[in-house]
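>>> Build me a model:
(one chain, ligands or ions: 1)
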Amino acid sequence: MQERLRIAIIGAGYWGPNLARNFHASPDWELAAICDLDGERARRVADQVGNVAVVTDLNDVLTDAAIHAVAIATPARTHHAIALAALRAGKHVVVEKPLADTREHGDAMVREATERGLVLMADHTYCYTPAVQRIRELVEEGALGDILFIDSVRINLGLIQPDVDVFWDLAPHDLSIIDFILPGGLRPRSVSAQGADPLGAGKACVGYLTIPFGAGAIAHVHVNWLSPTKIRRMVIGGTKQTLVWDDLNPQQRLSIYDRGVDIERQSATSVERKASTVSYRLGDTWSPALPEHEALALMATEFAAAIREERAPRTDGRAAMRVLSVLDAAAVSLRAAGAAVPIEEDLPDLEVVA
Ligand SMILES: NC(=O)c1ccc[n+]([C@@H]2O[C@H](COP(=O)([O-])OP(=O)(O)OC[C@H]3O[C@@H](n4cnc5c(N)ncnc54)[C@H](O)[C@@H]3O)[C@@H](O)[C@H]2O)c1
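The predicted structure follows:
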């Protein structure tokens, strides 16, 4: 039995308690401290898990040599400063999505971790769910064929975040999922973003991203804080089959349709044969069985394994940078009334990520 790694949770607001519960339950980890500027909040979370130190000053965590790692669940604007301080103190770091509030900040974090040989991981939670793992396998084994389109909808009455707009709050989920399921990750040429702030909240509360990728394929992401109905649905259309993921339907999260359009490329030129080049497949629908496990438990296991094996975790800094690159370009597109903005290559000069 290996010795447990010791971790502190930074941020005990809405999401921090979920991290605390999972790291506390993990056989790989000992939850050493809960840190929040608000001591009451930290105390409440510490009481829920029991026998954990409460800290209100981040420096007390960073100067504790017995703490190996931190999990950052503070608002997005604060991720960069807290993560850099933790890395400089020699701690491995897992950061909630989005990794940072700008591409530039994310870049600095990845470089710092790389130079110090420390693990920097993004908690792209959905990449650890059974549904997304199964989708990745299906894409990888060619069950869907070549991907033609991806359509993702993530809408509900959401908390209007004080520090980021709806793109930076919700789209990291969609983008990290797409990055995870596409072989080679999400490497689009450009992004177009359109957003609306119909209530005058001071930031986009409704947003649409259009992302061309691959050889003529396209992804569309709709994120929205103002919808009275909650929808979490992704459609992935391929040349062979189409997959529909409805995350709010636990009985049948994944459905695979053997239906689609075939274009037969014929060399003949007669009118009759040209007319018959498009055909429709109307085959069966099936639903793969999925195991049940909590995504954050698997995320905690992966973080520990990456540290012990001195390797990049599944959702490493590079994966997080591909997400930030799209979000950064989307912010430029938003200011340019939806013009297509090229995506910068992530970290072209950086060789290895810890
Ligand atoms: N993975 C997911 O599915 C998921 C879901 C929700 C939120 N999140 C992410 O989690 C992060 C936190 O979101 P939230 O909704 O919990 O925010 P929140 O505002 O509810 O909580 C943030 C907490 O951080 C504390 N804090 C701020 N600065 C601090 C500092 N310097 N040191 C210590 N504590 C500090 C605040 O006092 C607060 O208690 C965000 O990045 C968000 O995007 C992820």
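
>>> Tell me the residue of the protein that sits nearest the ligand?
residue 13 (1.8 Å; CB to the nearest ligand atom). Any C-beta I mention is one placed from the backbone N, CA and C, and that applies to glycine too.

>>> Could you measure from that residue over to residue 117?
The span separating residue 13 from residue 117 equals 31 Å under the rule CB to CB, to the nearest Å.

>>> would residue 332 count as being in a helix?
Yes: using DSSP: H, G, I helix; E, B strand; the rest coil, the assignment for residue 332 is a helix.

>>> Residue 85 touches residue 61, doesn't it?
No: in this structure residue 85 lies outside contact range of residue 61 using CB atoms under 8 Å: 9.6 Å.

>>> one step back: ignoring the adjacent residues along the chain, who's closest to the residue of the chain closest to the ligand?
Distance criterion CB to CB, 6 or more residues apart in numbering; nearest residue to residue 13, sequence neighbours excluded, is residue 41 at 6.6 Å.

>>> correct me, but the one you found touches residue 9?
No: Residue 41 lies out of contact with residue 9 (CB under 8 Å); the separation is 11.1 Å.

>>> Neighbour count for the two, which is higher?
More crowded of residue 41 and residue 9, by other CB atoms under 10 Å: residue 9, with 33 against 18.

>>> For the more buried one, which three-state class applies?
Assignment for residue 9 (three-state DSSP): strand.

>>> Now do the contacts for it.
By CB atoms under 8 Å, 6 or more residues apart in numbering, residue 9 lies in contact with 16, 19, 20, 23, 31, 33, 34, 35, 45, 70, 71, 73.

>>> Mind listing the residues bridging to it?
Judged by DSSP bridges, the bridge partners of residue 9 are residue 34, residue 71.

>>> before we move on, the earlier item: let me know the closest of the contacts of residue 9 to residue 319.
Ranked by distance to residue 319 (CB to CB), the contacts of residue 9 are led by residue 71 at 17.2 Å.

>>> Let me know the pLDDT of the closest one.
On pLDDT, residue 71 comes in at 98.

>>> That one and residue 23 touch, don't they?
Yes: taking contacts as CB under 8 Å, residue 71 lies within contact range of residue 23: 6.6 Å.

>>> any shared contact partners between these two?
With CB under 8 Å, 6+ apart as the test, residue 71 and residue 23 both reach 7, 9.

>>> Run through who's touching stretch 181-189.
Applying CB under 8 Å, 6+ apart, the external contacts of stretch 181-189 come out as 132, 135-136, 139-140, 147, 175, 178-179, 211-214, 219, 236, 319, 322-323, 326, 342-343.

>>> where does residue 86 fall, helix, sheet strand or coil?
Three-state assignment for residue 86 (three-state DSSP): helix.

>>> doesn't residue 80 make contact with it?
No: taking contacts as CB under 8 Å, residue 86 lies outside contact range of residue 80: 11.0 Å.

>>> Comparing the two, which residue is more hemmed in?
When neighbours are counted by other CB under 10 Å, residue 86 and residue 80 differ, and residue 86 comes out ahead with 28 against 20.

>>> ok, now how distant is the more buried one from residue 315?
Residue 86 sits at a distance of 18 Å from residue 315 (criterion: CB to CB).

>>> for residue 215, same thing?
Distance, residue 215 to residue 315, using CB to CB: 26 Å.

>>> So for these two, which residue has more residues nearby?
residue 315 (27 against 6).

>>> Let me know whether the more buried one touches residue 126 as I believe.
No: using CB under 8 Å, residue 315 makes no contact with residue 126, being 9.7 Å away.

>>> Between those two, which contacts overlap?
By CB under 8 Å, 6+ apart, the residues touching both residue 315 and residue 126 are 176, 180.

>>> re the thing from before, helix, strand or coil for the residue of the chain closest to the ligand?
Taking three-state DSSP as the rule, one finds residue 13 in the coil state.

>>> which residues touch residue 259?
For residue 259, the contacting residues are 241, 242, 280, 281, 282, 283, 285, by CB under 8 Å, 6+ apart.

>>> three-state assignment of the third one?
Read it as residue 280. Going by three-state DSSP: residue 280 is strand.

>>> give me the number of residues near the closest residue to it other than its chain neighbours?
Counting by CB to CB, 6+ apart, residue 280 lies nearest to residue 261, which is 5.9 Å off, once chain neighbours are set aside. Look at residue 261: counted by other CB under 10 Å, it has 11 neighbours.
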